[in-house]
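Student: sequence and computational prediction follow.
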Number of protein chains: 2
Amino acid sequence: MKDAVVLLSGGLDSTTTLAIAQERGFTCHALSFSYGQRHAVELDAARRVAIALGAVEHQVAEVDLRWIGGSALTADVPVPKDRDVTAAHDIPVTYVPARNTVFLSFALAWAEVLGASTIFIGVNALDYSGYPDCRPEYLLAFERMANLATKAAVTGTRISVCAPLISLSKADIIRRGHALGIDYSMTSSCYDPQPSGACGACDSCVLRANGFSAAEIPDPTLYAGGSP
Amino acid sequence: MKDAVVLLSGGLDSTTTLAIAQERGFTCHALSFSYGQRHAVELDAARRVAIALGAVEHQVAEVDLRWIGGSALTADVPVPKDRDVTAAHDIPVTYVPARNTVFLSFALAWAEVLGASTIFIGVNALDYSGYPDCRPEYLLAFERMANLATKAAVTGTRISVCAPLISLSKADIIRRGHALGIDYSMTSSCYDPQPSGACGACDSCVLRANGFSAAEIPDPTLYAGGSP
């Protein structure tokens, strides 16, 4: 059996990524981060998902990114609502500086100790074109660095960074996950969740709702206002 | 004034690196990590050094690496003593998996928020030839990845990773720091410090003591046994 570390936020994309890694026969070690995110409810979703999809273990690493600042997800900055996500090309305020690099670095450390050959990450270049660390050239550069950073540089083993959703639309991702039997009601994508459900208006909610609509699959998300 | 993030462990190498960055005219933001290291006394040294050398601020980030395991520095594994450090070519048990990658990732996030152009790291390829993440090709790969990971990829600004000690011997480093007026008695290099001082026998103590001897500069280190 091949081992993989799978970054799992508890959202739709990382959940689908975990299902794909499982389907490919990997023994999956799920890794989530408590990093001071305002949407920490996603960690409860990650715990549900890791169990439901059969990860052999699930680690929630405490990594405080709040002192770094610079993002609406970790600082006291309002999350933008009701934007035209199809028109957004700037780096949004919900971008967390170097977050994927920090998360992948921990995944790399764990992969090295586990002897895992692969790190799965659910980034998507289409919907997150404004996030530099969701692009294929970034992931290739990380992989190249990773193979120089660790025992792999000495032993000749290889670590791969696998992003199976990189070129899929949100609708494609949902169709893929649906075919794999994922119950998306257990996932949480909202950047600004309310006590009674997802806000329905942040970029992440809008992309998710549009994705279900385009995939023509009923949206099982519980929205605070009843609908997105 | 140019801003730099300087990784500062509180040891001899990172202290010399901070002094060099200051000499080069950078406004230095020092960054240390509380990562569950058994030699946490080095953080007290880092605090002394940051003030003494004139860093404009000093951040100690809480980053627990203990759950990852795999190292004598963070797990309950004995620190090797009295080894022939000149003969060591394997990866030592004091290697912490992907540690420099994790630390540089946090430095990268902070540099992005600060608008800092440079990250200084006190790695040294000569004395730490067994650590893959102390080699020049690794640092170049990290720098390349960093410039794809952040706003730099969009804005065209550049982030540099600078390792001024990379090809210096320990004696060269000590001579350099001595010329810059560093009082090395405030630094702490020992992997296994005792209440009354440095152990004098771990790889780090041996390299440090040999360095002072080769540089023909009196060793100001307080050793638990009186001498290394």
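Tutor: Happy to help now that I have it. The structure displayed is predicted, hence computed values, not measured ones. Numbering: from 1, shown residues only, chains lettered A, B, ... in the order given.

Student: wait, isn't A:Ala52 in contact with A:Asp183?
Tutor: Yes - taking C-beta atoms under 8 Å as the definition, A:Ala52 is a contact partner of A:Asp183 at 7.3 Å. No exception for glycine: its C-beta is placed from N, CA and C like everyone else's.

Student: for chain A, just list every one of the helices.
Tutor: For chain A, helices defined by DSSP state H occupy the ranges A:12-23, A:41-53, A:99-114, A:136-149, A:152-155, A:170-179, A:203-215.

Student: do you know which of those lies nearest B:Val206?
Tutor: Closest of the helices of chain A to B:Val206 is helix A:152-155, at 22.1 Å (criterion: C-beta to C-beta).

Student: give me the buried positions along the closest one.
Tutor: Residues of helix A:152-155 classed as buried: A:Ala152, A:Ala153 (neighbour count, 16 or more other C-beta atoms under 10 Å in any protein chain shown).

Student: also stretch A:139-154?
Tutor: A:139, A:141-153.

Student: equivalent analysis for stretch A:216-228, please.
Tutor: A:Asp219, A:Thr221, A:Tyr223, A:Ala224, A:Pro228.

Student: farthest-apart pair in those residues, please.
Tutor: Pairwise distances across the buried residues of stretch A:216-228 (C-beta to C-beta) peak at 14.0 Å, for the pair A:Asp219 and A:Ala224.

Student: coming back round to it: so which of the buried residues of stretch A:216-228 reach chain B?
Tutor: Near chain B, taking C-beta under 8 Å from any C-beta of the partner chain as the test, no member of the buried residues of stretch A:216-228 is found.

Student: which ones among those are found in strands?
Tutor: For the buried residues of stretch A:216-228, not one is inside strands, with DSSP state E as the criterion.

Student: nearest to A:Ala111, of the residues you listed?
Tutor: Nearest to A:Ala111 out of the buried residues of stretch A:216-228 is A:Thr221 (C-beta to C-beta; 31.9 Å).

Student: list the contacts of the closest residue to the closest one other than its chain neighbours.
Tutor: Using C-beta to C-beta, 6 or more residues apart in numbering or on different chains and skipping residues adjacent in sequence, the residue nearest A:Thr221 is A:Ala198, 5.5 Å away. Under the criterion of C-beta atoms under 8 Å, 6 or more residues apart in numbering or on different chains, the neighbours of A:Ala198 are A:Ser188, A:Ser189, A:Cys190, A:Cys205, A:Thr221, A:Leu222, A:Tyr223, A:Ala224, A:Pro228.

Student: remind me what the lengthiest strand in chain A packs against, helices and strands.
Tutor: Ranked by residue count under DSSP E, the longest strand found in chain A is strand A:26-34. Packed against strand A:26-34, as judged by 3 or more C-beta pairs under 8 Å, 6 or more residues apart in numbering or on different chains; DSSP states H and E, are the following elements: strand A:2-7, helix A:12-23, helix A:41-53, strand A:57-62, helix A:99-114, strand A:118-120.

Student: pull up the gap between A:Ala30 and chain B, please.
Tutor: Distance, A:Ala30 to chain B, using C-beta to the nearest C-beta, to the nearest Å: 13 Å.

Student: which residues sit in contact with that residue?
Tutor: By C-beta under 8 Å, 6+ apart, the residues touching A:Ala30 are A:Val6, A:Leu8, A:Leu18, A:Ala46, A:Val49, A:Ala50, A:Ala55, A:Glu57, A:His58, A:Gln59.

Student: 7 Å instead, please
Tutor: A:Ala30 is in contact with A:Val6, A:Leu8, A:Leu18, A:Ala50, A:Ala55, A:His58, counting by C-beta atoms under 7 Å, 6 or more residues apart in numbering or on different chains.

Student: now do the same contact list for the nearest residue to A:Tyr138 once chain neighbours are set aside.
Tutor: With C-beta to C-beta, 6+ apart as the criterion, A:Tyr138 has its nearest non-adjacent residue at 4.2 Å, and that residue is B:Leu148. Each residue near B:Leu148 by C-beta under 7 Å, 6+ apart is listed here: A:Pro132, A:Glu137, A:Tyr138, A:Ala141.

Student: looking at those, which is nearest A:Asp82?
Tutor: Among those, A:Pro132 lies closest to A:Asp82 (C-beta to C-beta), at 24.5 Å.

Student: so how many other residues sit close to that closest one?
Tutor: A:Pro132 has 23 neighbours, counted by other C-beta atoms under 10 Å in any protein chain shown.

Student: ok, it to chain B distance?
Tutor: 4 Å.

Student: residues in contact with that residue?
Tutor: By C-beta under 7 Å, 6+ apart, the contact set of A:Pro132 is A:Tyr138, B:Leu148, B:Ala149, B:Thr150, B:Lys151, B:Ala153, B:Val154.

Student: one more time with 10 Å
Tutor: Each residue near A:Pro132 by C-beta atoms under 10 Å, 6 or more residues apart in numbering or on different chains is listed here: A:91, A:95, A:98, A:100, A:138, B:112, B:147-155.

Student: which non-adjacent residue is nearest A:Asp133?
Tutor: Nearest residue to A:Asp133, sequence neighbours excluded (C-beta to C-beta, 6+ apart): A:Asn100, at 3.9 Å.

Student: next one, pLDDT for that neighbour please.
Tutor: If you check A:Asn100, the pLDDT there is 92.

Student: how about A:Leu18?
Tutor: 98.

Student: that one and chain B, how far apart?
Tutor: In this view, A:Leu18 and chain B are 20 Å apart by C-beta to the nearest C-beta.

Student: what's the neighbour count on the residue nearest to A:Tyr223 when sequence neighbours are not counted?
Tutor: Nearest in space to A:Tyr223, with sequence neighbours left out and distances taken as C-beta to C-beta, 6+ apart, is A:Gly200 at 4.5 Å. Look at A:Gly200: counted by other C-beta under 10 Å, it has 21 neighbours.

Student: residues in contact with A:Gly200?
Tutor: A:81-82, A:190, A:192, A:194, A:206, A:208-209, A:221, A:223-228.

Student: and the contacts of A:Pro132, which two are the farthest apart?
Tutor: Farthest pair in these, by C-beta to C-beta: A:Asn100 and B:Thr155, 17.8 Å.

Student: with adjacent residues omitted, what lies nearest to the residue nearest the centre of chain A?
Tutor: For chain A, the residue nearest the mean C-alpha position is A:Ser14 (4.1 Å; C-alpha atoms, centre = their mean). Spatial nearest neighbour of A:Ser14, excluding adjacent residues (C-beta to C-beta, 6+ apart): A:Gly122 at 4.0 Å.

Student: please apply the same query to A:Arg176.
Tutor: A:Thr16 (6.1 Å).

Student: please name the residues that touch the one you found.
Tutor: A:53, A:122, A:124, A:164-165, A:168, A:172-178, A:180, A:182, A:184, A:187.
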